[in-house]
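Peer 1: Curious how this folds, go ahead:
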Amino acid sequence: MDLDLSLLPQAAAQMRGALSNLYFAAARLAPASAREQDPELDAKAALVDQSYYRLIRLVNNLSATRYLSEEPLPLRDQDVVEFVTDIFAKAASLAPLRGLETRLLCAADRHICAFCPDALEQLLYQLLSNAFKFTASGGLITVELRLTGGRVFLSVEDTGPGIAPERLEALFDSYHQAEQPAPPPQGLGLGLALCRGIAQGHGGLITAESRQGKGSRFTFSMPDHLSGTTLADVHFDYGGGFNHTLMALSDAMSPEAFVIRNH
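Peer 2: Numbering: from 1, shown residues only. Model prediction:
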């Protein structure tokens, strides 16, 4: 029986309230002041935080299944250089906790074009999460933004184990795990399918290149044009008021990232 994807956002909405209640109850049992004074308590509470952030990330992915419809996305004109640089900086701040180096390559200082901020954020964080997850300590994550030939190219490259050639063709199918074996949790396999839907919603595409033992490179491209509107669209994502970047990368982070000093 095929899964009715329209039910997933409804299920996600039901889960959010319950998760918030559980998290705030746990926070009352282990408040920040107590965690700061008790490393053992802090370590135990960090595991709760990690689980909560991962579940919220899963809930957001369920909500984002609307991107699988392949319908055009609501676009607005915004500085894509500033947008990508901001997300990169937030992710790069967590990279040392995984023993990773990061770099951003972009020749432009500023460039206004039409894109959907919520959707592009979802895509970039998904690609960064995969890169963080599959790259061993000492590796390098490179984000590159290029503007050429009337198109915008955004890529995330890692120095991980790479992907077997026979897997590349099915990478962006729903419920397909991109690289195996993956460290737990492996999730629903929706991430790259969402990325493809987001690319198509921008009138663009996403591709993958990989060499086993050398790493992988995912590249999103879209037309470089203006929409004529700068009005903000509705931000559907939910992070419970907590560290949004840590939530977005929670599948790739160790419990150490969730101790109180790293909040």
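Peer 1: in the stretch 101-250 of the chain, what spans have low per-residue confidence?
Peer 2: The stretch 101-250 of the chain contains residues with pLDDT under 70 at 174-189, 231-242.
Peer 1: Helices of that one, residue ranges please.
Peer 2: Under the criterion DSSP state H, counting those that start in this stretch, helices of the stretch 101-250 of the chain are mapped to 117-134, 165-168, 191-201, 244-248.
Peer 1: can you tell me which residues contact residue 164?
Peer 2: For residue 164, the contacting residues are residue 212, by C-beta atoms under 8 Å, 6 or more residues apart in numbering. Bear in mind the C-beta positions are built from the backbone N, C-alpha and C, glycine included.
Peer 1: same question, residue 36
Peer 2: If you count contacts by C-beta under 8 Å, 6+ apart, residue 36 has them with 42, 260.
Peer 1: again with residue 48
Peer 2: By C-beta under 8 Å, 6+ apart, residue 48 lies in contact with 23, 26, 30.
Peer 1: hang on, the earlier thing: quick one: which of the helices of the stretch 101-250 of the chain is nearest residue 229?
Peer 2: helix 117-134 (12.4 Å; C-beta to C-beta).
Peer 1: packing partners for the helix or strand containing residue 17?
Peer 2: In this assignment (DSSP states H and E), residue 17 forms part of helix 7-29. Contact analysis of helix 7-29 by 3 or more C-beta pairs under 8 Å, 6 or more residues apart in numbering; DSSP states H and E lists helix 39-63 as its packing neighbours.
Peer 1: starting at the chain centroid, how far to the helix it packs on?
Peer 2: 15 Å (C-alpha atoms, centre = their mean, to the nearest Å).
Peer 1: ok, and for stretch 125-139, which residues are buried?
Peer 2: Of all the residues in stretch 125-139, those buried under the rule 16 or more other C-beta atoms under 10 Å are 125-135, 139.
Peer 1: where's it relative to the chain centroid, distance-wise?
Peer 2: That offset, for stretch 125-139, works out to 10 Å (C-alpha atoms, centre = their mean).
Peer 1: outside of that stretch, which residues touch it?
Peer 2: Applying C-beta under 8 Å, 6+ apart, the contact partners of stretch 125-139 are 87, 91, 94-95, 98-101, 141, 143, 156-161, 178-179, 182-183, 191-192, 194-195, 215-216, 218, 220, 245, 248-249, 251-253.
Peer 1: Now tabulate the helices of the stretch 101-250 of the chain in TSV and tack on distance to residue 65.
Peer 2: Output for the helices of the stretch 101-250 of the chain, formatted as TSV (distance: least, C-beta to C-beta, whole Å):
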stretch	distance to residue 65
helix 117-134	11
helix 165-168	23
helix 191-201	7
helix 244-248	17
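Peer 1: mind checking which of these is nearest residue 69?
Peer 2: helix 191-201 (7.0 Å).
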